[in-house]
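1. coords please:
(chains A and B)
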Amino acid sequence: MLELKNIVYKAPEDGKEIISDVSFTIDDRFVAITGPNGGGKSTIAKIIAGIIKPTSGRILLDGEDITDLSITERANKGVSFAFQQPVRFKGITVKDLITLAAGKPIKVSDVCTYLSEVGLCARDYVNREVNASLSGGELKRIEIAMIMARGTKLSIFDEPEAGIDLWSFGNLISVFEKMHTKINGNILIISHQERILNIADKIVVIANGKLKNIGTKNEILPDLYKSTGACSVLTAKLEDKQ
Amino acid sequence: MDAIQKQLLREIADLHETPEGAYNLRADGSGTARKTTANIDIVTKADKPGIDIIIKPNTKKESVHIPVIIAKSGLKDLVYNDFYIGENADVVIIAGCGIHNCGDQDSGHDGIHSFHLAKNARVKYVEKHYGANEGKGKNVMNPTTVIEMEEGSYMEMATTQIKGIDDTIRKTSAVLKDGAKLVIKENIMTHGDQYAETDFAVDLNGKECGADVVSRSVAKDRSVQLYKSNIRGNNECTGHTECDAIIMDDAKVTAVPMLEANDINASLIHEAAIGKIAGDQLIKLMTLGLTEKQAEEQIINGFLK
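-> Presented below is the predicted three-dimensional model:
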């Protein structure tokens, strides 16, 4: 369980408040954070992972205050974070990264299983370098495979759909659907995708650095579409489902 | 062989015992062991220190090891090794030098290696330099490699200096004829107050010949590196050089790439990048549970792999 208590973050450069007194608790298995671009979603994810230190407020993981812990310490306590823009490494292979993620030596066949689960043909990728020769979509999948290899109690994904082509998107959804039933712990996923929001147990809406709403998809989605001026086709579809 | 010599051999040639195939072991300034095969002859030079390695035409899948180890402090060793690789031969040559300097005097090895590749000959040349110090004496190594490539020949050179060489000037020059291909991969890591200089000069004289020279280096502490390369395209040819360096602490790295096209059909490319380890690379590995120091090691190991 993850609790954010009165999180405030001010930009060190100009003191501008990016996150304003945000508090919420994640105890459902699959939680989605959504909201307009630039609203502070990624900042919150980075604050949870320890990449950004909040100006004030506390973060609790299973009741333990982790606010002052480093990135490494949080990772070892069970926080995983898939970047929105994955990092490239010269000379480090896909197998190296997945092994590092697993935190122990693992068999090539296990590496292949993780790769296959994210829709990559394992044989072609195991020994590839995670460098500029991989496309954005391939990197995103490897990033997700790394989180699966870690298998920690909190997995955070920052817009996993960004940069993935339309053809592969269906696969990606099924990856998350599977993870939803399989993973031991909580999944926190930042997303704009209706299909991802639809499989979430809870949706958190962040806008202008503030918590705007939190609830089940039936409570949140109708308002969300209205407030963003969604087209009538989408809202009608949603009403059908209800 | 004593324990120190064995350790040096492991570091430079991955050798745990006597190698297979032909070999010549030079220890503390003189040859101590040699083996030739039906296709590979090794002959001591009469006029200067060193050996001639003569590989018969059509020799396939054979290897030659020529390691040099120095465990005496204050020894300055100069050696000339000439390799003659016959037509259509396809061989692996493993050279390397290890210095264990236990005293306060400088130890040094200057190896001058000349390669003569006959038509369609193929060589994989692996060279590793390693040093260890116990006293104040410096380990100095100045390898020179001169490569002559006849038509259709191919050479791949992998040269590595990872640890313990205090001072080095590495010079490599090559002349390529029609259809010859040269691939050079260099990996260097310097630390402490070390100095490493690399100088590549390649003449692409033949029609459709090509060279690919890639250097990756890491400069730590107060060490200083200088990379120089000059690729001259004198015919219809392709040339590519790449110098990629990670700079850390108070190190200094200079890259001086030079391309010279003397023919309208010469196609030459140079890429150079110097920078510190990217912050997001460190953060990514830290989110996997590595400490900053462990993350740094992983990034450097991968980069120099």
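2. how far away is the residue nearest in space to the middle of chain A from chain B?
-> Residue closest to the average C-alpha location in chain A (C-alpha atoms, centre = their mean): residue A:157, at 1.3 Å. From residue A:157 over to chain B the distance is 12 Å, taken as C-beta to the nearest C-beta, to the nearest Å. For every residue, glycine as well, the C-beta is placed using N, CA and C.
3. that residue is in contact with residue A:193, isn't it?
-> No: assessed by C-beta atoms under 8 Å, residue A:157 is found out of contact with residue A:193, at 11.4 Å.
4. what does chain A put close to chain B?
-> A:49, A:51, A:70-72, A:75-76, A:79-81, A:83, A:86-87, A:89-93, A:96-97, A:100-101, A:103, A:146, A:150 (C-beta under 8 Å from any C-beta of the partner chain).
5. would you list the buried entries among these?
-> A:49, A:51, A:71-72, A:75-76, A:79-81, A:83, A:86-87, A:89-93, A:96-97, A:100-101, A:103, A:146, A:150 (16 or more other C-beta atoms under 10 Å in any protein chain shown).
6. partner strands of the helix or strand where residue A:4 lies, with direction?
-> For residue A:4, the element it lies in under DSSP states H and E is strand A:2-10. Applying DSSP bridges, strand A:2-10 is found paired with strand A:17-26 (antiparallel), strand A:56-61 (antiparallel).
7. okay if I get the ones you listed as a markdown table plus mean neighbour count and mean pLDDT?
-> Below are these laid out as a markdown table (neighbours: other C-beta atoms under 10 Å in any protein chain shown; pLDDT from 0 to 100):
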| stretch | mean neighbour count | mean pLDDT |
| --- | --- | --- |
| strand A:17-26 | 18 | 95 |
| strand A:56-61 | 17 | 97 |
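8. wasn't residue A:90 part of a helix?
-> No: going by DSSP: H, G, I helix; E, B strand; the rest coil, the assignment for residue A:90 is coil, not a helix.
9. ok, it - contacts?
-> Neighbour list for residue A:90: A:129, A:131, B:216, B:244, B:302-303 [criterion: C-beta atoms under 8 Å, 6 or more residues apart in numbering or on different chains].
10. so which of those residues is the closest to residue B:13?
-> Nearest to residue B:13 among those, counting by C-beta to C-beta, is residue B:216 at 21.3 Å.
11. thought residue A:76 was touching residue B:289?
-> Yes: using C-beta under 8 Å, residue A:76 is in contact with residue B:289, at 4.9 Å.
12. which SS class is residue B:282?
-> Classified using three-state DSSP, residue B:282 is helix.
13. is the residue lying closest to it once chain neighbours are set aside part of a helix or strand, or is it coil?
-> Spatial nearest neighbour of residue B:282, excluding adjacent residues (C-beta to C-beta, 6 or more residues apart in numbering or on different chains): residue B:295 at 4.8 Å. When classified by three-state DSSP, residue B:295 comes out as helix.
14. who's in contact with residue B:295?
-> Contacts of residue B:295 (C-beta under 8 Å, 6+ apart): B:281-282, B:285-286.
15. could I get these as a markdown table with distance to residue B:52?
-> As requested, the contacts of residue B:295 are arranged in a markdown table below (distance: C-beta to C-beta, whole Å):
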| residue | distance to residue B:52 |
| --- | --- |
| B:281 | 47 |
| B:282 | 50 |
| B:285 | 49 |
| B:286 | 54 |
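16. who wins for most neighbours among those?
-> With neighbours defined as other C-beta atoms under 10 Å in any protein chain shown, the most crowded of the contacts of residue B:295 is residue B:285; it has 27 neighbours.
17. now, which of the contacts of residue A:90 lie within strands?
-> Here DSSP state E is the test, and the contacts of residue A:90 give B:216, B:244 as lying in strands.
18. hang on, the earlier thing: how about a markdown table for the strands paired with strand A:2-10, with distance to residue B:5 added?
-> A markdown table is the format used below for the strands paired with strand A:2-10 (distance: least, C-beta to C-beta, whole Å):
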| stretch | distance to residue B:5 |
| --- | --- |
| strand A:17-26 | 61 |
| strand A:56-61 | 55 |
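19. quick check: which of those strands is nearest to residue A:208?
-> strand A:17-26 (7.8 Å).
20. ok, residues contacting the closest one?
-> So strand A:17-26 is contacted by A:1-11, A:40, A:43-44, A:47, A:54, A:57, A:154, A:186, A:188, A:202, A:204, A:206, A:208-211, A:214 (C-beta under 8 Å, 6+ apart).
21. my guess is residue B:124 contacts residue B:89, does it?
-> No: Residue B:124 sits out of contact with residue B:89 when judged by C-beta under 8 Å, with a separation of 11.6 Å.
22. comparing the two, which residue is more hemmed in?
-> Between residue B:124 and residue B:89, residue B:89 has the larger neighbour count (other C-beta under 10 Å), namely 23 against 16.
23. in a helix, residue A:96, correct?
-> Yes: with three-state DSSP as the criterion, residue A:96 is part of a helix.
24. returning to that earlier point: what's the closest of the strands paired with strand A:2-10 to residue A:120?
-> Across these, residue A:120 has its closest neighbour in strand A:17-26 (28.9 Å, C-beta to C-beta).
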